[in-house]
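Enquirer: Turn this into a model:
(2 chains)
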Amino acid sequence: MAEIQQQADSGKGGKKRAKKMSTKIDMTPMVDLAFLLLTFFMLTTTFNKPNVMQITMPVKPKPGDPPQELKASDALTVLIGENNKIYYYDGLLSDKDKPELKLSSYDANGIRKVLLDHQRQNPKTVVLIKPDDKSNYKNMVDILDEMNITDQKKYALVEISKADTELIKSSGL
Amino acid sequence: MPKVKPHRTSPSLDMTPMVDLAFLLVTFFMLTTKFAPEEVVVVDTPSSTSEFKLPESNVIRILIDKDKRVFFGLESDKAKPLLLDRMGAKYGVTFSEKQKRAFGGLNSFGVPVQQLGSLLNMGSEQRKEVKQPGIPADSLNNQLIDWVMEARKANQEAIGKPTYIAIKGDGNADVPTVKKVIKFLQEKNINRFNLITDLENKPTVSK
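Expert: From the prediction side, this is the model:
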């Protein structure tokens, strides 16, 4: 390949000399192997580390502390339903208030737009995320990811209430 | 007139410096590489845009698969034997030296502590065949949180460094199991943890 063994000069006649061997060896196969290994190790190292999403849950309130009040005007509730469905409503659900439930989606024009709109109107928006028991973990990660994408600082994972599930059912969405 | 012969240079070139460099790099990568640990179950993680990387050691891994099973793993070589001792003492199970060594090579497992001994006695091939039931994690028999708490203490004792807690859930894992694990952690005042995800390109957000 890269090396051509040069013929040692074997002149006719004259004294018989010991054949002079070239001191060079063909390194090509070794280099091939070295680079193969190099590529292999380089690729395996860089793709090894998994990515993580950091989440911080609120500190458990002490028994004596008053519960934190959240104004209904600042709240946006996001419900994660089964079959990759996502719903949201403004404010909080209570006995007197029945907010209108809206269906959204996980793509770029879905819940992300809703979140951004809310942030623009009210920078103090707090998002309450309520995953339904039938929803899957991927949806939960997706919505937490949306919080990162839209740079939503205040959000909380909350247990879904019975009233919420009934709201989903009665809305028929 | 004699013909002018072009000066013939040998086509060989000195590859030695290149080879030196190549082998240097090979050695470097060989020594620094840590192969992706083999997991007991296939966990297909969902993707997110987060770019944080998981640290390599001092990590407690909690795996949640799609059948609601929970697995536990600790990435900290020094703390592992200590952890096994502590858990053994807590549940009244003793482990032999051989089992301890096997535990060191185990990445994650999903059996109750009472059955851990027989799992450790198996060869690594045999271990793959066994269907592990998952670590008991309910209010009556909550071994998972004991593993987590003891792993934190053992790591603190062995290396003196805090541990990171990473939850690796399958995309199809159900939310109640994940929420249950998070609730257990919160009860022990562990409020910071990581969710392992795949990388996804960050979409541009138009404000």
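Enquirer: of all of chain A, which residue lies closest to chain B?
Expert: Using Cβ to the nearest Cβ, the single residue of chain A nearest to chain B is A:Phe41, 3.3 Å away. Any C-beta I mention is one placed from the backbone N, CA and C, and that applies to glycine too.
Enquirer: That residue - how many residues pack around it?
Expert: Using other Cβ atoms under 10 Å in any protein chain shown, A:Phe41 has 19 other residues around it.
Enquirer: just checking, it is part of a strand?
Expert: No: using DSSP: H, G, I helix; E, B strand; the rest coil, the secondary structure at A:Phe41 is helix, not a strand.
Enquirer: Check it and give its pLDDT.
Expert: pLDDT, A:Phe41: 82.
Enquirer: A:Pro66 now?
Expert: pLDDT, A:Pro66: 67.
Enquirer: again, but for B:Pro203
Expert: So, for B:Pro203, pLDDT stands at 63.
Enquirer: Please enumerate the strands of chain B.
Expert: Assignment of strands within chain B using DSSP state E yields the ranges B:47-48, B:52-53, B:59-64, B:70-75, B:164-169, B:192-199.
Enquirer: closest to B:Ser139 out of those?
Expert: In terms of Cβ to Cβ, the element of those nearest to B:Ser139 is strand B:70-75, at 14.2 Å.
Enquirer: how about residue 71, what does it touch?
Expert: Unless you meant another one, I'm taking chain A. Contacts for A:Lys71 (Cβ atoms under 8 Å, 6 or more residues apart in numbering or on different chains) come out as none.
Enquirer: try chain B instead
Expert: With contact taken as Cβ under 8 Å, 6+ apart, B:Phe71 is in contact with B:39-41, B:61-65, B:108-110, B:132, B:134-135.
Enquirer: any idea how far it is from A:Val141?
Expert: 18 Å (Cβ to Cβ, to the nearest Å).
Enquirer: do the same with B:Thr197
Expert: 6 Å.
Enquirer: again with B:Leu140
Expert: Applying Cβ to Cβ, the value for B:Leu140 to A:Val141 is 29 Å.
Enquirer: so what sits against both of B:Thr197 and A:Val141?
Expert: Counting by Cβ under 8 Å, 6+ apart, the residues touching both B:Thr197 and A:Val141 are A:Met53, B:Pro46, B:Ser47, B:Ser48.
Enquirer: before we move on, the earlier item: tell me the one of the contacts of B:Phe71 nearest B:Pro162?
Expert: B:Arg61 (15.4 Å).
Enquirer: That closest one reaches B:Phe72, doesn't it?
Expert: Yes: between B:Arg61 and B:Phe72 there is a contact under Cβ atoms under 8 Å: 7.2 Å.
Enquirer: Give me the common contacts of those two.
Expert: With Cβ under 8 Å, 6+ apart, B:Arg61 and B:Phe72 have common neighbours B:Ser108.
Enquirer: B:Pro133: neighbour count?
Expert: Quick note: B:Pro133 (other Cβ under 10 Å) scores 13 neighbours.
Enquirer: Kindly state the pLDDT recorded for it?
Expert: Reported pLDDT at B:Pro133 in the predicted model: 84.
Enquirer: quick revisit: please tabulate the strands of chain B in CSV and include mean pLDDT as additional columns.
Expert: Formatted as CSV, those follow (pLDDT from 0 to 100):
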stretch, mean pLDDT
strand B:47-48, 78
strand B:52-53, 77
strand B:59-64, 86
strand B:70-75, 85
strand B:164-169, 86
strand B:192-199, 81
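Enquirer: Between B:Leu140 and A:Val141, tell me which one has more neighbours.
Expert: Using other Cβ under 10 Å, the more surrounded residue of B:Leu140 and A:Val141 is A:Val141, with 24 against 5.
Enquirer: Could you list the low-pLDDT ranges of chain B?
Expert: Filtered on pLDDT under 70, chain B yields the residue ranges B:1-2, B:12, B:34-39, B:201-207.
Enquirer: What of chain A?
Expert: Within chain A, the stretches with pLDDT under 70 are A:1-17, A:46-49, A:61-67, A:95-97, A:173.
Enquirer: Strands of that one, start to end?
Expert: Per DSSP E, chain A carries strands over the ranges A:51-56, A:75-80, A:86-90, A:102-104, A:126-131, A:155-157.
Enquirer: residues contacting B:Lys80?
Expert: With Cβ under 8 Å, 6+ apart, B:Lys80 has these contacts: B:Leu74, B:Phe103, B:Gly104, B:Ala154.
Enquirer: measure the closest residue to the third one other than its chain neighbours to B:Asn107 for me?
Expert: Take B:Gly104 and drop its neighbours on the chain: the residue closest to it by Cβ to Cβ, 6 or more residues apart in numbering or on different chains is B:Lys80, 5.1 Å away. As judged by Cβ to Cβ, B:Lys80 and B:Asn107 stand 10 Å apart.
Enquirer: do B:Glu56 as well
Expert: 13 Å.
Enquirer: what does B:Gly134 give?
Expert: 15 Å.
Enquirer: Equivalent analysis for A:Leu79, please.
Expert: Remark: distance between A:Leu79 and B:Asn107 (Cβ to Cβ) = 37 Å.
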